[in-house]
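In: Here's my sequence, what's the structure:
(one chain, ligands or ions: 1)
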Amino acid sequence: MAAALPRLPFADGAFALTLSGYLLFAYPELFGPEHQLAALAELVRVTAADGEVRVQPLHDGRGRRCGHLDRLRHALGERRIASEVRRVPRGDGRTRRVLVLRSAERRPRRPLPPSAM
Ligand SMILES: C[S@@+](CC[C@H](N)C(=O)[O-])C[C@H]1O[C@@H](n2cnc3c(N)ncnc32)[C@H](O)[C@@H]1O
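Out: As a prediction, this is how the structure comes out:
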């Protein structure tokens, strides 16, 4: 199905686990901070209250980390979206940073597999 963030044609809570890879932070020239915030909130909207959103990488194509990640997380918190930066094994002895989001309205009922991204 064709769609483009920050608007997705899915119902609220449609997915238990929502993954976004190599998009929101990878192309800062396409996704500025406001666009990223709207897109992240939309990903949370389509995710079940007891599910989670995982977004990676948190750097652009030249390896530069997102400099406004803390501000984004603060803005998400104001929208009742909880966030954490989780370190996930890459399989080569190193780790990758993944932004994990969930609705702050409800706590997760069951753990989701950490290997999904
Ligand atoms: C570098 S690819 C990453 C593909 C895949 N997620 C992965 O990890 O291999 C970026 C993808 O984002 C898609 N894309 C571009 N703008 C988008 C938008 N506004 N909303 C959703 N996807 C978009 C592109 O069509 C492309 O498939």
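In: can you count the residues close to the residue of the chain found nearest the ligand?
Out: In the chain, no residue comes nearer to the ligand than G21, which is 3.1 Å away by CB to the nearest ligand atom. Any C-beta I mention is one placed from the backbone N, CA and C, and that applies to glycine too. Residues within reach of G21, counting by other CB atoms under 10 Å, total 12.
In: who's it bridged to?
Out: Assessed by DSSP bridges, G21 has beta-bridge partners Q56.
In: In this model Q56 seems to touch it, though I could be wrong.
Out: Yes - contact status for G21 versus Q56: in contact at 6.0 Å, counting by CB atoms under 8 Å.
In: quick one on the thing from earlier: per-residue confidence at the residue of the chain closest to the ligand, what does it come out as?
Out: G21 is assigned 97 on the pLDDT scale.
In: The one 10 residues further on now?
Out: With respect to pLDDT, F31 has a value of 94.
In: for E105, same thing?
Out: Looking at E105, its pLDDT stands at 81.
In: Okay, it and T47: tell me how far apart.
Out: Here the criterion is CB to CB, to the nearest Å. By it, E105 lies 12 Å from T47.
In: Between those two, point out the one with more neighbours.
Out: Neighbours per residue (other CB under 10 Å) separate E105 from T47, with T47 holding more: 23 against 9.
In: What parts of the chain come near the ligand?
Out: A4, L5, G21, Y22, L23 (CB under 6 Å from any ligand atom).
In: Out of these, which end up buried?
Out: With neighbours counted by 16 or more other CB atoms under 10 Å, the residues of the chain next to the ligand contain buried members at L5.
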